[in-house]
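Asker: With the input below, show me the fold.
(chains A, B, C and D)
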Number of protein chains: 2
Amino acid sequence: MMDRSCPGTVEPIMEILDSKWMLLLLFELFNGTRRFGELRRKLHPISPKTLTDRLRLLEEKGIVTRTLYPGVPLHVEYELTECGLGLQPIFAAMWTWTQEYGGHLRKDADERQEAKG
Amino acid sequence: MMDRSCPGTVEPIMEILDSKWMLLLLFELFNGTRRFGELRRKLHPISPKTLTDRLRLLEEKGIVTRTLYPGVPLHVEYELTECGLGLQPIFAAMWTWTQEYGGHLRKDADERQEAKG
DNA sequence: CTGTATCCCGTCCGATACTG
DNA sequence: CAGTATCGGACGGGATACAG
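Answerer: The predicted model follows:
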């Protein structure tokens, strides 16, 4: 499974996850159905354009459903599909990794130490 | 675990994975120690600047080690640390997701159908 | 062989104003 | 309320030449 074919298997997922706000957006949706304005407030200061872009992408990929409730005022709900909920084990694996190796992520700690000499 | 703290737990990993070439680079290293030129050939047409950037980042994060073998010609080897090898379950989870839900990722299939419609 | 230094371009994203 | 349209800036990454 860790062979040459794996990058091709993994890349489509990365195309979803690696854009700005996408993680926060997904986690928000993991916790239940959300409306557009609700997401906008929670992800503040995301721009409406960007939020729409993200939601449309997730829709395209079959990860969320968009439900329109006609009437005034307009009312739209976004909800994860089974496919979207299925992403959770991936985040669980990331969470586990951080617990295990998170201490290694010092990054600038080293640089500061070097500066001090 | 899927609560509000999780994005913060996951983001540091995404900072590593979400840059161009990083997936291919990691998979190459999963298969063993590699030299700079070797990576450059395998990831062709990556630019040397970008390859260096990626390797430096991985080094900073403690995910790879860089070993210099002095002499002419110069010889450098990159190898995953235990921490780097620990990333594999994450990719395994992604792989599983694609097996399970990969069929949902049609994206442009829908667009084409719409065009025909 | 293993990088670094420069320059440049495309893309992503934010800000803002506007519409059904 | 839930978006769309438009513009512009920042930044990631490519090409290329050069250095240790």
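Asker: Contacts only, for the residue nearest the centre of chain A.
Answerer: In chain A, the C-alpha closest to the average C-alpha coordinate belongs to A:L23, at a distance of 2.3 Å (C-alpha atoms, centre = their mean). Contact analysis of A:L23 by C-beta atoms under 8 Å, 6 or more residues apart in numbering or on different chains lists A:17, B:7, B:10-11, B:14. The C-beta positions use only the backbone N, C-alpha and C, and glycine is treated the same way.
Asker: Try it again at 10 Å.
Answerer: A:L23 is in contact with A:17, A:91, A:94, B:6-8, B:10-11, B:13-14, B:18, counting by C-beta atoms under 10 Å, 6 or more residues apart in numbering or on different chains.
Asker: secondary structure element for it?
Answerer: helix A:22-30 (DSSP states H and E).
Asker: I'd like to know if that helix reaches DNA strand C anywhere along the stretch.
Answerer: No - using C-beta under 7 Å from any atom of the strand, helix A:22-30 never reaches DNA strand C; the gap is at least 7.7 Å.
Asker: can you list contacts of the following helix or strand past that helix?
Answerer: Later in the chain than helix A:22-30, the nearest helix or strand by DSSP H and E is strand A:34-35. For strand A:34-35, contacts defined as C-beta under 10 Å, 6+ apart pick out A:25, A:28, A:40-42, A:55, A:64, A:69, A:74-80.
Asker: Could you check how far strand A:34-35 is from the centre of its chain?
Answerer: Distance of strand A:34-35 from its chain centroid, counting by C-alpha atoms, centre = their mean, to the nearest Å, is 15 Å.
Asker: Check whether the helix or strand just after that strand comes into contact with DNA strand C.
Answerer: Counting by DSSP H and E, the next helix or strand C-terminal to strand A:34-35 is helix A:36-42. No - Helix A:36-42 does not reach DNA strand C (C-beta under 7 Å from any atom of the strand); its nearest approach is 10.2 Å.
Asker: quick one: is whichever helix or strand comes after helix A:36-42 near chain B?
Answerer: As assigned by DSSP H and E, the chain's next helix or strand after helix A:36-42 is helix A:48-60. Yes - Helix A:48-60 is in contact with chain B by C-beta under 10 Å from any C-beta of the partner chain, via A:57, A:59-60.
Asker: Give me the neighbour count for A:E15.
Answerer: 15 (other C-beta atoms under 10 Å in any protein chain shown).
Asker: typo on my end, A:L85
Answerer: A:L85 - counted by other C-beta under 10 Å - has 14 other residues nearby.
Asker: Which segments of chain A make up each domain?
Answerer: Following automatic domain parsing, one finds the domains of chain A at A:1-84, A:87-117.
Asker: Pipe these into TSV and attach mean pLDDT per row.
Answerer: Below are the domains of chain A laid out as TSV (pLDDT from 0 to 100):
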stretch	mean pLDDT
domain A:1-84	95
domain A:87-117	72
